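Student: I would like the atomic coordinates for the input below:
(one chain, ligands or ions: 2)
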Amino acid sequence: MLFSTTTPEAKRRALREMLSSGRTVQFPGAFTPLSTKLIAEQGFDGVYISGAVLANELGFPDIGLTALPEVAQRAGQIARVTDLPCLVDADTGFGEPMNVARTVQELENAGLAGCHIEDQFNPKRCGHLDGKNVVDLETAVKRVAAAAQARRDPDFLVMARTDVRGVDGLKAATDRAKALVDAGADAIFPEAMADLSEFEAMRAAVDVPILANMTEFGKSELFTLDQLQDVGVNMVIYPVTLLRSALGAMERVLTTLRADGTQQAAVDEMLTRARLYELVDYTGYNRFDSGIFDFEVPGLHR
Ligand SMILES: C[C@](O)(C(=O)O)[C@H](CC(=O)O)C(=O)O
Ligand SMILES: [Mg+2]
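Tutor: Residues are numbered from 1 along each chain as shown. Ligands and ions are numbered 1, 2, ... in the order given. A predicted model of the protein is given here:
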């Protein structure tokens, strides 16, 4: 009830353990605290908090318009409703290395298990679009080093994302990933890999966990969990899947409502009131209230 009872430190340890388990863990992207509960119910390993979703939900494109307080607040709202570890997209770290340091500390305070920081220029772009730009190696290394030094919990995961593959090719991406690991990255997010052999090459290049981004309509095919496990990927994210699905459903019901003058034909596709209450643990809250108010104090009602 209210908040998760698992501490951020325990979630970070759990994330570290799952990343060294040899199993490929799945982190669907939550887009609200409530949708986070659906992810946990299905038995997923953790929750991803996407920068694109955060920006899009505010009605913005994903071009670096969101600011650290907004991201930390939303990520914290999501992290606090679940016992699962949450990994948040910290874009470029929101500024210079000093800003990156503050970003990491704010995200630690918000209860996140880790974050990823990318080597794009600001204004950034979706990693699966053409026309993005990356910063030079020195700048990228400084961002990651600042992040690694700033954390107070040594288990907070600092993941470095490199967007170099889409700009200078695979060899440049593996070289950059190695340098980012030397700078203190605990894990690597190689963005926009073209196929499974590219994940294999990244796997061979670094000895830290690697992430696969299975975003729809992007540069990579939607590989299965088994395929990604076979090439040694440690974590898979599905960043925008829930947002796209929810918006698809919303668009359909609005079309029905507009056409029919009633939503009746769409009711069967909706989450029922009972199921919604179950998700928000309505009865748990009621029980709490009765526990507090249904007691007798001798003499009180005389
Ligand atoms: C992973 C990502 O950074 C995100 O913000 O979720 C995006 C996802 C997307 O735009 O599909 C990305 O740059 O890949
Ligand atoms: Mg992003």
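
Student: ok, the residue of the chain found nearest ligand 2 - contacts?
Tutor: Across the chain, the shortest distance to ligand 2 (C-beta to the ion) belongs to residue 51, at 3.4 Å. Every residue, glycine included, has its C-beta placed from N, CA and C. Applying C-beta atoms under 8 Å, 6 or more residues apart in numbering, we find residue 51 in contact with 62, 66, 71, 89-91.

Student: of the residues you listed, which pair is most distant in space?
Tutor: Farthest pair in the contacts of residue 51 (C-beta to C-beta) is 62 and 90. Separation: 13.2 Å.

Student: between those two, which has more neighbouring residues?
Tutor: Counting neighbours by other C-beta atoms under 10 Å for residue 62 and for residue 90 shows that residue 90 has the greater number, 29 against 22.

Student: quick check: pLDDT value at that one.
Tutor: On the pLDDT scale, residue 90 is placed at 98.

Student: how about the one 4 residues further on?
Tutor: Here, the pLDDT recorded for residue 94 equals 96.

Student: and it, helix, strand or coil?
Tutor: Of the three states, residue 94 takes coil under DSSP: H, G, I helix; E, B strand; the rest coil.

Student: flag every residue of the stretch 101-250 of the chain that's near ligand 1.
Tutor: 126-128, 213, 215, 218, 239-240 (C-beta under 6 Å from any ligand atom).

Student: out of these, who's the most crowded?
Tutor: Result: residue 239 is most packed of those (other C-beta under 10 Å), 25 neighbours.

Student: show me what contacts the closest residue to residue 60 other than its chain neighbours?
Tutor: Spatially, and ignoring its direct neighbours in sequence, residue 60 is nearest to residue 66 (6.9 Å; C-beta to C-beta, 6 or more residues apart in numbering). In this structure, residue 66 makes contact with 51, 54-55, 58, 60, 91, judged by C-beta under 8 Å, 6+ apart.

Student: reformat the residues you listed as JSON lines; add distance to residue 134 and secondary structure.
Tutor: Formatted as JSON lines, these follow (distance: C-beta to C-beta, whole Å; DSSP: H, G, I helix; E, B strand; the rest coil):
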{"residue": "51", "distance to residue 134": "16", "secondary structure": "helix"}
{"residue": "54", "distance to residue 134": "22", "secondary structure": "helix"}
{"residue": "55", "distance to residue 134": "20", "secondary structure": "helix"}
{"residue": "58", "distance to residue 134": "25", "secondary structure": "coil"}
{"residue": "60", "distance to residue 134": "22", "secondary structure": "coil"}
{"residue": "91", "distance to residue 134": "13", "secondary structure": "coil"}
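
Student: and the two most separated of these?
Tutor: Of all pairs in these, the most separated under C-beta to C-beta is 58 and 91 at 13.8 Å.

Student: helices along the stretch 1-150 of the chain, start to end?
Tutor: Counting by DSSP state H, counting those that start in this stretch, the segments of the stretch 1-150 of the chain that form helices are 8-19, 33-41, 51-57, 68-79, 97-109, 137-150.
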